[in-house]
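Attaching a predicted model along with its sequence, questions to come.
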Amino acid sequence: MADDKRLAELQMLADQFCQDRDWDQFHGLKDLAIGLSTESNELLQMFRFKTDEESSALLSQSERREAIEDELADVLFFLLRFSSRANVDLSQAFRRKLAKNALKYPVDLARGSNLKYSERDQK
C-alpha cells in the first residue's frame, strides 16, 4: 500500500538521521520508550488547563500551531525509531490492533459512547 511505503520512508529517514550521528548507541528500547513518553508529555503540556475551545484556538495561531506540529513530529520520530529498533511493522501492528478494537467496540454498541468496553460490558 502507498501508506505503508510512506511510513517505511519516514522510518528510513529517521534511521539515517541517527546513523549519520552515531546515535544508535543511545537508542536502546528503554531510552526510546522514555523519549516517546517525554515527547508525548511535551505535547500534552501545551494543552494543560485549556478548554476545548482554547485548545482548538491554538491551532489557528501560526506560531503555536508550528510548536504543536513540532511536538507531534518528535512523537512520531521516537515511535518510528522504537519500531525500527524493535523490528516492529507499524502498519501491520496498527491494522491488527484496529481489528481487535473493532471486536471490543462494535459499531452498534460503541457509536456515540466513550465508555471503555469493560465498563460497557459491566452495565
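In hand now; what should we look at?

Quick one: mean pLDDT for the helix or strand where residue 17 lies?
Secondary-structure assignment from DSSP states H and E places residue 17 in helix 2-20. Averaged across helix 2-20, the pLDDT comes to 94.

Following element in sequence after that helix, please.
Per DSSP H and E, the first helix or strand lying C-terminal to helix 2-20 is helix 29-47.

buried residues in that following helix?
31-32, 35-36, 39-40 (16 or more other C-beta atoms under 10 Å). In short, each C-beta sits where N, CA and C put it, glycine included.

Give me the helices and strands touching it, please.
Counting contacts by 3 or more C-beta pairs under 8 Å, 6 or more residues apart in numbering; DSSP states H and E, helix 29-47 packs against helix 52-58, helix 62-85.

winner for burial among those?
Of the helices and strands packed on helix 29-47, the one with the most neighbours on average (mean count of other C-beta atoms under 10 Å) is helix 62-85, at a mean of 16.

now the lowest-mean-pLDDT helix or strand in the chain, how far from the chain's geometric center?
Across the helices and strands of the chain, the lowest-confidence element by mean pLDDT, DSSP states H and E is helix 117-122, at a mean of 82. Chain-centre distance of helix 117-122: 25 Å, with C-alpha atoms, centre = their mean, to the nearest Å.

Equivalent analysis for stretch 30-38, please.
12 Å.

Quick one: mean pLDDT over it.
98.

which residues touch it?
75, 78-79, 81-82, 85 (C-beta atoms under 8 Å, 6 or more residues apart in numbering).

try 6 Å
78-79, 81-82 (C-beta atoms under 6 Å, 6 or more residues apart in numbering).

go on, stretch 45-54?
Taking C-beta under 6 Å, 6+ apart as the rule, stretch 45-54 contacts residue 55.
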